[in-house]
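Q: give me the fold of what follows.
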Amino acid sequence: MSQYQSQSSFSSVFTISQDHGSRKASTVPSFVDTMPEKNPSKKSSESGDNKGDENEERGNWGNKMDFILSSVGFAVGLGNVWRFPYLCYKNGGGAFLVPYVIMLFAAGLPLFGLELGFGQYVSKGCVGVWDLAPLFKGLGWAMVIISGMVVIYYNMIIAYIFFYFFASFNKVVPWSTCGNEWNTEFCEVSTKSNSTLIYNTSESNATVTTVTRPAEEFWLNYALGRSEGLHDMGTIRWQLLLCLLLAWIVVFLCLIKGIKSVGKVVYFTATFPYIVLFILLIRGLTLPGAMNGIYFYIVPRFDQLGNPTVWKDAAVQVFYSLGPAWGSLHTLASYNKFHNNFHRDGITVGLINCGTSVFAGFVIFAVIGFMSHDSGMPIEDVAAGGSGLAFVAYPEAIARMPGSVFWALLFFFMLLTLGLDSMFVTLETVVTAIVDELKPVYPNIYQKKTYVTGICCVVFFILGLPMTTNGGFYMLTLMDEYSAGFSIILISMGETLVISYVYGIENFMRDMMVMLKFKMNIYWKICWMAISPSVMFFVFIFFGVGYKGLTLDDYKYPPWAEFLGWGMVIAALLPVPGYMIYFLYYKAHGTTWKERFFYSLEATDSWGPALNKHRAEANYPLIADESKAGIASNGFNKLSSVDEQWQPPPKMMSNGTTSPGYAALANGDYEMRNGDYNNINDSYHKKEPVVSEHDSVTLSRDMPLSCNSESSI
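A: Below you'll find the model as predicted:
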C-alpha cells in the first residue's frame, strides 16, 4: 500500500515502516502534472456512447432518473407482489408491519446505503471494490457466483410468465375450465354450491381423492408437465425451451449497450407495474367479497409478534427485497457521478420498495377476497404465496372476472416488467465484474462489453436448459432455496464487518463525506458497526436452528438433492477462503506471514476514486493514464522507472504534520494544498517530497474536512 493510503483499523495498532512490508509510494511520470483526465486519443469504451460522461471510459448513467428507476426496478421485483402479501397475512396481518419497518431501518436501509456508497466511491463493480481490503476480495467473487446462479433460474421464471402471457391470447383463458387435454377426471370448477376441497370416498378400497382446480392442473400438467420428482427429469418441453430462449434474447437486447440501453428501458419497465397495480386495485375493489380479502390482509393480530418466526420472516423479506450482498447495488452505483447523493437515493428507493410491497398486498387480497366469495372457499384456503399465487390463485381469480383475457394479459405483462428489471441488473452485475477485472489485462475490454454480455447470455441459457424439462421445476425450487440463502446472509455480515473493523468505519465515513459534502448521521455508523451485523447473525442462527429438509407440495427432496443444494452454498462461499489463501501465498508482500497478513488488510494503490480530480479531493495519490503508466494484472499500479517522485495530496504523518498535495484543476494542472481542507494555497507548483522512502509513517487519513452540515438521518 502507498505510504499515503488510509490505514485499516486492524493495522492501526502498528506503525508500519516502509522497510517492512508496506507498499511503496507510487512514482509516476512527470507528465502527470499536466495530464488531462482522459487520454483524448483513446476511443470511448462503448462506441462513443459515453462521450460527455464524467467517466468517459467506463460510462455513467444518462441522468439521475436512469439510476433511480433502475434501482427501483431491481429492488421492486416479483417478491413484492407474490411473497410479501402472503407473509403479511400469515404473520399477523397489519401487525406484521411493526417488525417489517423495524427490520427495514435496522438492516435493510443501512446495507442498501452502504453498498451504494461503496460502489459509487470507486466506480467499480462488486469485485473491484474490494481493493479496499484485498484479503477479502473473495466476497466480491462470491457475490458474482450468487448472481450467476440466480440469473439461471430467475430467467426461467420469466419464461413461465411468457408462457402464460401467450396462453392468454384466447377467447377464454385456458385455465378457466376442465375438459382440456391436460385435465384429469378429478378436475372441478368450484362454485358456491360446491368446494374445491371435496373428498370422494370409495367404501370398497377406502381411498380418498382430492378434487383439483383447473388452474392448478393447467400449471402442473400443461405448463410444467411436472414429473414425479427430481430423479425423473424427463424430456425438454419445447414450449418452455422457446420461452426461455425468448427471455434471454429480450435480456440481451435490453443490455446490448449496457447501462445506456437499460437506463432507457427502465422508464417503461419500472413505471408500468405501478400503473397496472393501480388499475387492478380499482378493478378488485369493485368485485364482491373484495373487502373481506383486504380485512384478512390488514387486520392486526398483535399476539403474533411474540413469535420469533414473524421477526425472522420480516428480516428475510426486507433483506431479499432490497437485495444487498448480491453485488447489484455496487454495480448500479458504480455508474453514478462521483458526487451523486446516494444517501438520499438509498432512502428514497428503500421507502418506495417498502410502500410497493404494502400497496401490492391490497391489490392481491382484494382479488383473493373476490375469489373466496365466488368459489365459496375460505380465504385461508385460497391465499397462497410464491408461484402458487402467480400461476394458480391469481390466474384463477382473473378467470372468474368479466373480460378475463384482458386482465390476464395485463397481469402477466406486469409480472414480465417486474421480473425483467431485476434480471437486467443482476446480469449486469456479472458482466460488470468480468470486464472490470479484465481491464488490467485487456485495456480495451469496455469496447467489447457487448460481446461479454452475449457470451454470458448464451452460457446461462445453456445452463438453464435442464429447467425446461418435466422435472425442471424441482431443480428451480432447489436453486431458489439454496443458491441465495445462507450464503447471502454470511456475505453481507462479512461485508459490514470488514468495512467497519478492517478498513475502519471512520475512514469509510470520511470517504462518504467527500462524495456527499456533508457528514452522515451517527445512525448509519451504529447500524454498520453493530445493529445490522447483529440482525443478520440472528437470521443466520434462526435459519440454522430451524432448518428442515426441502419439500415441494407433497414431495420431499431426497438427501442427495439436499446435498446438491448445499453444494451451491459452498460454491458461493468457497471464493472467500480460496482467495485469501491465493492472495497471501502469491500476491502479498513481506518476509514473514505476519507481514503478508497485515499487507493484505491494507487498501491497494488502486483503491479510491476513479478520476484524478476526485482522488485529489479525497486525498489519494493521483494515477497516471493506464495506457502509459500501466496497471498490473493483480490490480496494483506498476511503478514507473523515473527519478522524480510525484507528491500526493496531504496525509497525516507520524509526527502529526501533513504532507503537501495538489487539488485537480479543470485545465489538467493541480493546485498546491497545505494539508488543511479549509485553506488552499493559490500557488501551484511542484514541491520536493517531504517524506523519505525510509520514513516510518502512520497510514491514516484523519484530516478535517470542510463539511459543516450533517444529514438528518
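
Q: ok, residue 117 to residue 529 distance?
A: Per CB to CB, to the nearest Å, residue 117 is found 15 Å from residue 529. Heads up, the C-betas are built off the backbone N, CA and C, glycines and all.

Q: which of those two has more neighbours?
A: residue 117 (26 against 17; other CB atoms under 10 Å).

Q: and that one, what element?
A: Element membership for residue 117 (DSSP states H and E) is helix 109-122.

Q: and that helix, how far out from the chain middle?
A: 11 Å (CA atoms, centre = their mean, to the nearest Å).

Q: for that helix, which helices and strands make contact with it?
A: Here helix 109-122 touches helix 308-322, helix 328-334, helix 342-375, helix 486-497, helix 505-516, helix 522-526, going by 3 or more CB pairs under 8 Å, 6 or more residues apart in numbering; DSSP states H and E.

Q: winner for burial among these?
A: Mean neighbour count (mean count of other CB atoms under 10 Å) peaks for helix 328-334 among these, with a mean of 30.

Q: average model confidence for it?
A: Averaged across helix 328-334, the pLDDT comes to 94.

Q: just how off-centre is it within its chain?
A: Taking CA atoms, centre = their mean, one finds helix 328-334 lying 8 Å from the centre of the chain it belongs to.

Q: could you identify the helix or strand that succeeds the helix or strand containing residue 436?
A: According to DSSP H and E, residue 436 maps onto helix 404-438. Downstream of helix 404-438, the next assigned helix or strand under DSSP H and E is helix 449-463.

Q: does anything pack onto the helix or strand just after that next one? Which helices or strands?
A: Going down the chain from helix 449-463, the next helix or strand is helix 472-482, by DSSP H and E. In terms of contacts (3+ CB pairs under 8 Å, 6+ apart), helix 472-482 is packed against helix 138-167, strand 551-552, helix 559-573.

Q: indicate which one of the helices and strands packed on helix 109-122 is closest to residue 447.
A: Of all the helices and strands packed on helix 109-122, it is helix 328-334 that lies closest to residue 447, at 18.0 Å by CB to CB.

Q: contacts for the closest one, please.
A: Identification of contacts with helix 328-334 by CB atoms under 8 Å, 6 or more residues apart in numbering yields 58, 67, 70-71, 74, 112, 115-120, 122-126, 129, 143, 147, 323, 340, 342, 425-426, 428-429, 432-433.

Q: please repeat the previous calculation with a cut-off of 7 Å.
A: Under the criterion CB atoms under 7 Å, 6 or more residues apart in numbering, residues 67, 70-71, 74, 112, 115-116, 118-120, 123-126, 129, 147, 323, 342, 425-426, 428-429, 432 lie in contact with helix 328-334.

Q: try stretch 56-75
A: Contacts for stretch 56-75 (CB under 7 Å, 6+ apart): 38, 44-46, 49-50, 53-54, 123, 258-260, 262-263, 266-267, 269-270, 321-323, 328, 332, 335-337, 345, 349, 352-353, 421-422, 425, 446.

Q: quick check: the residue most central in space within the chain vs residue 622, distance?
A: Central residue of the chain (CA atoms, centre = their mean): residue 328, 3.4 Å from the mean position. Note on residue 328: its distance to residue 622, by CB to CB, is 30 Å.

Q: do the same with residue 562
A: 53 Å.

Q: cool, and residue 261?
A: In terms of CB to CB, residue 261 sits 33 Å off from residue 622.

Q: and these two? Which one has more around it.
A: residue 622 (23 against 17).

Q: which stretches of the stretch 101-250 of the chain have low pLDDT?
A: Residues of the stretch 101-250 of the chain meeting the criterion pLDDT under 70: 191-210.

Q: okay, how far is it across stretch 279-296, tip to tip?
A: Counting by CA to CA, to the nearest Å, you get 21 Å between the two ends of stretch 279-296.

Q: stretch 391-401 too?
A: The straight-line separation of the ends of stretch 391-401 (CA to CA) is 16 Å.

Q: quick check: mean pLDDT of it?
A: 89.

Q: got it, and stretch 302-317?
A: The model assigns stretch 302-317 a mean pLDDT of 87.

Q: before we move on, what about stretch 465-483?
A: 95.

Q: buried residues in that stretch?
A: Neighbour-count burial for stretch 465-483, counted by 16 or more other CB atoms under 10 Å, picks out 465-483.

Q: cool, stretch 581-591 as well?
A: Buried residues in stretch 581-591, counting neighbours by 16+ other CB under 10 Å, are found at 583-584, 587-588, 590.

Q: would you put the C-alpha positions of stretch 605-613 in PDB?
A: In PDB, the C-alpha atoms belonging to stretch 605-613 read as follows (Å, rounded to 0.1, in the frame of the first residue of the first chain):
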ATOM      1  CA  ASP A 605      -2.800   1.500  -4.700                       C
ATOM      2  CA  SER A 606      -5.800   1.300  -7.000                       C
ATOM      3  CA  TRP A 607      -8.300   1.900  -4.200                       C
ATOM      4  CA  GLY A 608     -10.100   5.200  -4.200                       C
ATOM      5  CA  PRO A 609     -12.000   7.400  -6.700                       C
ATOM      6  CA  ALA A 610     -11.500   6.500 -10.400                       C
ATOM      7  CA  LEU A 611     -10.700  10.000 -11.600                       C
ATOM      8  CA  ASN A 612      -7.700  12.100 -10.600                       C
ATOM      9  CA  LYS A 613      -9.800  15.200  -9.800                       C
END
